[in-house]
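**Q** turn this into a model:
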Amino acid sequence: MHPNPSLGKFLIPQAKLCEMLGKSPSGIAKLLKNDPAFPKPLKFGASRQARCFFVAEEVTDWLKSKMSERDCV
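**A** Predicted coordinates:
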């Protein structure tokens, strides 16, 4: 989806998120299950096959928190 300038946020499809994080769809599912801080997806449809999207800003914030955790150790 394209950025929405009025919201200042945009959505990333799950496939693109997998590519960005170097994870498979099952790897993303494991993050969702095991990391409560990982952003929850938005689904546009009730079926299991409905496409998932993630808010880019939430993913960026999650990555920043992971980097700060790493740097504090």
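**Q** all strands of the chain, in order?
**A** 11-13, 42-43, 52-55 (DSSP state E).
**Q** between these, which gets nearest to Lys33?
**A** Closest approach to Lys33 among the strands of the chain is made by strand 52-55 (14.1 Å; CB to CB). For every residue, glycine as well, the C-beta is placed using N, CA and C.
**Q** now that closest one: mean pLDDT?
**A** Strand 52-55 carries an average pLDDT of 95.
**Q** extract the CA atoms of it and return them as PDB.
**A** C-alpha atoms of strand 52-55 as PDB (Å, rounded to 0.1, in the frame of the first residue of the first chain):
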ATOM      1  CA  CYS A  52      -1.600  -9.200   6.600                       C
ATOM      2  CA  PHE A  53      -0.100  -5.800   6.800                       C
ATOM      3  CA  PHE A  54       2.100  -4.200   9.400                       C
ATOM      4  CA  VAL A  55       2.300  -0.500  10.400                       C
END
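**Q** now do that strand: which elements does it pack against?
**A** strand 11-13, helix 14-21, strand 42-43 (3 or more CB pairs under 8 Å, 6 or more residues apart in numbering; DSSP states H and E).
**Q** hmm, 6 Å instead?
**A** Applying 3 or more CB pairs under 6 Å, 6 or more residues apart in numbering; DSSP states H and E, one finds that strand 52-55 contacts strand 11-13.
**Q** for the strand it packs on, buried residues please.
**A** 11-12 (16 or more other CB atoms under 10 Å).
**Q** which pLDDT value goes with Met67?
**A** For Met67, the predicted pLDDT is 93.
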